[in-house]
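Student: my questions are about this predicted structure, shown below with the sequence.
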Amino acid sequence: MSDKTIGDSLREQGISRRGFLKFCATTASLLALPPAMIPQIAYALENTPRQSVIWLSFQECTGCTESLTRSHAPTIEGLIFDHISLDYHHTLQAAAGSAAERAREEAMKKNHGKYLLIVDGSIPTGNPGYSTIAGISNLDMLKEVAAGAAAIVAIGTCAAFGGLPKAAPNPTGAMSVSDLITDKPIINVPGCPPIPIVMTAVIAHFITFGKLPQLDNLNRPMAFYGQNIHDRCYRRPFYEKGLFANTFDDEGAKKGWCLYKLGCKGPTTYNACATTKWNDGVSFPIESGHGCLGCSEPQFWDGGSFYKPLSVPTIKVHDVMAYTAIAGAAVGLTVGGLNAMKKTNAVKQHETVTIDDLERK
Amino acid sequence: MHINQILNHSNAPIAPLLNEICHALEKLLLYHENTLIDLHSLPFSPHDITQLVEFLGKGEVEAYLYALGKSIFWETNFAGVWWIEHYNSEESLINRTIEIAYCPSILQAQTEDIQLGKQQLQQLIKSFQ
Amino acid sequence: MMSAVDFLAWVRGPMFNIALIIFIFGVIVRLLEMLLIGRKPDYSEARESAFAGGVRTIFRRFMPADTGTLQRSTTVIFAGYVFHIGFFIVLLLFVPHILLIKDTLGIQWAGLPTPIIDAATVMTLLALLVLLINRLVNPILRFLSTFQDYLIWLLVFLPVLTGYMAFHHFIQPYQLVLALHILSVELLMIVFPFTKLMHTFTLFFARWYNGAIAGRKGVKA
């Protein structure tokens, strides 16, 4: 870690105090912190040295890195990235082969106990040969690097919850970071991919406050995953009014009505898409006319069809219903038949009682 | 557009926002306390924002700040209610807020900058002597 | 421990299957068993149509029989109506419920805006509470009440309550409260065929039999 603070490097670039405050105000907005926190953020950023970051990519598609690097530079998230020391990221770094691995080992040694570990991709636990880097299995590398980390950020649904590799039948025995590492603070930043701003904001929060932000029950930062898509959706009033799109090209779809019937998973999804949006704030899936897939939730691949409403069972019920009805009818008819036989027998065995019989007693 | 028309045609929580602004103005008058409302965290569609801008209107003052990209400030038709848009150097919008203040806090000269300016001016004066 | 997501997946998948099988199987067996018992042939000459009498009674019994009954059991009748109507509005006119019916039975109809459903839910819950209090306060009703009566009350109350809680996000995360809501309905489906809940179907047969017998005799019942 160099001793230069973020404040120092901003000033070196000729950024005024006003500019710095603008940066802090935007960071506060990113972190969903009340504007009253701006002075605290300003103080922390003014005095914090550059943070060493090691980024490990396991069973992943590089979509998370794509999302991050496609964030419209130079933005606030770009600024934050300028001021961390990304010591290892095998897709982005210039060094390759043993030089790259040496950079990782050096950073680990130099900043032991202080560096931030970012992981994207899930970890195969079946055959270690499913995914290796420089001949080291993902599991071994994760354990080695996690040991000296101050905290771990699991970026993307694969690292956070297992994601696509873990979807049934999970051929590689994929696991999430928190399935394997239990002795370090872990923050999950799920999404397929996560919103770039969310990734940088989490890093910014760690730099600013030296600790993880407030997390929810799935270890996701509350600031971004505290509210669900449905609650923050601009189409929500149509749900309340009972106005739904029934197909992707009907009148309702054209008028921008609620997509619940088309399988939107907004009600069970916690993410910041509805407020932070994508592509520099242009829109988010629901705004583009497609329901939410719930990509920031565990097992979103196995949660039933993307195009069936949430209130519908995830299984095919028609066969079950038909067979059950047939079995029920068969048993019902048998019981009815048995009852009828009993009745007939009773009638047969019925003996007429005469006055004499009664008087005999 | 009339406020009722806006409220009837919009799905955004415009009425609660107007209430919040009203309370903030009260706070400003009573305690001289500024309030910043972050519009990014509210579920407003671009259409809602346009309507809100139209409703609040533009007052007498408009200001620009050039630091890390442009920022635009204008006082709305309601004195003390400022519309603020921060852009980055690529000219894309990064933050939109409403500040309820006598003057937006970021527009005021900052103590550190004033100190720096004073030093520079003193040096300049010295060099003349 | 099972996560909320796993729990929701379970109630929307395997558990729904189990509940559905027990519900359909149980209802069909019990209805057939009851209907196949049949009735003794009536050899008397019909004075009037048994059919018309049966149909008439099915509908007429939706109204309180006489002012005496109405006065004696005002609470039960009034709260009972509010509960039943409210319950059916919530069950059959809330859009996510209609989508479930569409997916399982293939039929659908228009739903109501959620504020109306919300109001109906509150009415239903209040009516159910009134009915429970009445059952506990009225000495005769309390004496006649069995464990099953209280169990059924609870099992009917829970889906409405959890549905209300789910809609208003009273429990976080939403997956958990939604799963609890679905589970409560599944419990109701499982006990349905074996308890007095069967009156949903049997009330029509019972009324039909009564009405048909009376109608045949020419009694305006």
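Tutor: Arrived safely. The structure presented is a predicted model; accordingly, all values stated were derived computationally and were not measured.

Student: all strands of the chain, in order?
Tutor: You didn't pick a chain, so chain A it is. In chain order, chain A shows strands spanning A:51-57, A:84-89, A:115-120, A:123-124, A:132-133, A:136-137, A:149-155, A:174-175, A:186-189, with DSSP state E as the criterion.

Student: switch to chain B, that's the one I care about
Tutor: Under the criterion DSSP E, strands of chain B are mapped to B:35-38, B:62-66, B:70-75, B:81-87, B:93-100.

Student: now do the same for the most centrally placed residue in chain B: its pLDDT.
Tutor: For chain B, the residue lying nearest the average C-alpha position, counting by Cα atoms, centre = their mean, turns out to be B:Ile84 (3.0 Å). Predicted confidence (pLDDT) at B:Ile84: the value is 94.

Student: got it, and A:Glu46?
Tutor: The model reports A:Glu46 with a pLDDT of 75.

Student: and the biggest helix by length in chain A, what does it pack against?
Tutor: Ordering each helix of chain A by length in residues (DSSP state H) puts helix A:318-349 first. Where contact means 3 or more Cβ pairs under 8 Å, 6 or more residues apart in numbering or on different chains; DSSP states H and E, helix A:318-349 is packed against helix C:14-37. For every residue, glycine as well, the C-beta is placed using N, CA and C.

Student: name the helix or strand of chain C that has the lowest mean pLDDT.
Tutor: Among the secondary structure pieces of chain C, namely its helices and strands, helix C:67-72 has the lowest mean (mean pLDDT, DSSP states H and E), a mean of 82.

Student: contacts for the following helix or strand past it, please.
Tutor: As assigned by DSSP states H and E, the chain's next helix or strand after helix C:67-72 is helix C:74-93. The set of residues that contact helix C:74-93 without belonging to it, under Cβ atoms under 8 Å, 6 or more residues apart in numbering or on different chains, is C:64, C:69-70, C:97-98, C:101, C:109, C:111-112, C:116-117, C:120-121, C:123-124, C:126-128, C:130-131, C:134, C:141, C:156, C:160, C:163.

Student: avg pLDDT for helix C:74-93?
Tutor: Per-residue confidence for helix C:74-93 averages out to 94 on the pLDDT scale.

Student: for that helix, C-alpha coordinates in PDB please.
Tutor: C-alpha atoms of helix C:74-93 as PDB (Å, rounded to 0.1, in the frame of the first residue of the first chain):
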ATOM      1  CA  THR C  74     -77.000 -12.200  14.500                       C
ATOM      2  CA  THR C  75     -73.200 -12.300  15.100                       C
ATOM      3  CA  VAL C  76     -72.700 -15.700  13.600                       C
ATOM      4  CA  ILE C  77     -74.800 -14.900  10.500                       C
ATOM      5  CA  PHE C  78     -73.400 -11.400   9.900                       C
ATOM      6  CA  ALA C  79     -69.800 -12.200  10.600                       C
ATOM      7  CA  GLY C  80     -70.200 -15.500   8.800                       C
ATOM      8  CA  TYR C  81     -71.300 -13.700   5.600                       C
ATOM      9  CA  VAL C  82     -68.600 -11.100   5.800                       C
ATOM     10  CA  PHE C  83     -66.000 -13.800   6.300                       C
ATOM     11  CA  HIS C  84     -67.300 -16.100   3.400                       C
ATOM     12  CA  ILE C  85     -67.700 -13.300   0.900                       C
ATOM     13  CA  GLY C  86     -64.400 -11.700   1.900                       C
ATOM     14  CA  PHE C  87     -62.600 -15.000   1.700                       C
ATOM     15  CA  PHE C  88     -63.900 -15.700  -1.800                       C
ATOM     16  CA  ILE C  89     -63.100 -12.200  -3.000                       C
ATOM     17  CA  VAL C  90     -59.500 -12.600  -1.800                       C
ATOM     18  CA  LEU C  91     -59.200 -16.200  -3.000                       C
ATOM     19  CA  LEU C  92     -60.800 -15.800  -6.400                       C
ATOM     20  CA  LEU C  93     -60.200 -12.200  -7.500                       C
END
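
Student: distance between that helix and the chain's centre?
Tutor: Relative to its parent chain, helix C:74-93 has a centroid offset of 10 Å by Cα atoms, centre = their mean, to the nearest Å.

Student: helices or strands up against the helix or strand following that helix?
Tutor: Per DSSP H and E, helix C:74-93 leads on to helix C:95-105 as the next helix or strand towards the C-terminus. With contacts defined as 3+ Cβ pairs under 8 Å, 6+ apart, the packing partners of helix C:95-105 are helix C:74-93.

Student: now the helix it packs on against helix C:95-105, angle please.
Tutor: 70 degrees (axes from the mean of the first three to the mean of the last three Cα atoms, to 10 degrees).

Student: what are the buried residues along helix C:74-93?
Tutor: Residues of helix C:74-93 classed as buried under the neighbour-count rule (16 or more other Cβ atoms under 10 Å in any protein chain shown) are C:75-76, C:79-80, C:82-83, C:86-87, C:89-91, C:93.

Student: and the residues you listed, which is closest to chain A?
Tutor: Comparing the buried residues of helix C:74-93 against chain A with Cβ to the nearest Cβ places C:Leu93 closest, at 9.1 Å.

Student: lowest-pLDDT helix or strand in chain B?
Tutor: Across helices and strands of chain B (mean pLDDT, DSSP H and E), lowest is helix B:3-9: a mean of 62.

Student: quick check: A:Gly289 vs A:Leu259, distance?
Tutor: Using Cβ to Cβ, to the nearest Å, we find A:Gly289 at a distance of 8 Å from A:Leu259.

Student: so which of these two has more stuff around it?
Tutor: When A:Gly289 and A:Leu259 are compared for neighbours, A:Leu259 comes out ahead with 26 against 15, by other Cβ atoms under 10 Å in any protein chain shown.

Student: how about the more buried one, what does it touch?
Tutor: The neighbourhood of A:Leu259, defined by Cβ under 8 Å, 6+ apart, consists of A:235, A:244-245, A:266, A:286, A:289-292.

Student: what is the neighbour count of the residue lying closest to A:Ile54 once chain neighbours are set aside?
Tutor: Beyond its immediate neighbours in the sequence, the residue positioned closest to A:Ile54 (Cβ to Cβ, 6 or more residues apart in numbering or on different chains) is A:Tyr88, lying 4.6 Å away. Around A:Tyr88 sit 25 other residues, with neighbours defined as other Cβ under 10 Å.

Student: surely A:Tyr88 touches A:Ala99?
Tutor: No - using Cβ atoms under 8 Å, A:Tyr88 is not in contact with A:Ala99; the gap is 10.9 Å.

Student: ok, C:His122 - contacts?
Tutor: One thing to correct before we go on: residue C:122 is Val, not His. C:Tyr164.

Student: could you give the angle of the host helix or strand of it to helix C:74-93?
Tutor: The secondary structure element spanning C:Val122 is helix C:114-137 (assigned by DSSP H and E). Here helix C:114-137 points in a direction 150 degrees away from that of helix C:74-93 (the same axes, to 10 degrees).

Student: so, low pLDDT: which residues of chain B?
Tutor: Residues of chain B that meet the criterion pLDDT under 70 lie in B:1-12.

Student: now render the strands of chain A as TSV, adding mean pLDDT and distance to A:Glu359.
Tutor: Formatted as TSV, the strands of chain A follow (pLDDT from 0 to 100; distance: least, Cβ to Cβ, whole Å):
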stretch	mean pLDDT	distance to A:Glu359
strand A:51-57	89	102
strand A:84-89	82	108
strand A:115-120	92	98
strand A:123-124	96	93
strand A:132-133	90	102
strand A:136-137	93	99
strand A:149-155	93	94
strand A:174-175	95	88
strand A:186-189	94	91
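
Student: closest to the centroid, which residue in chain A?
Tutor: With the centre of chain A defined as its mean C-alpha position, the nearest residue by Cα atoms, centre = their mean is A:Ser296, 2.3 Å away.

Student: that residue contacts A:Pro190, doesn't it?
Tutor: Yes - applying Cβ under 8 Å as the test, A:Ser296 and A:Pro190 come out as touching, 4.4 Å apart.

Student: I am finished for the moment; much appreciated.
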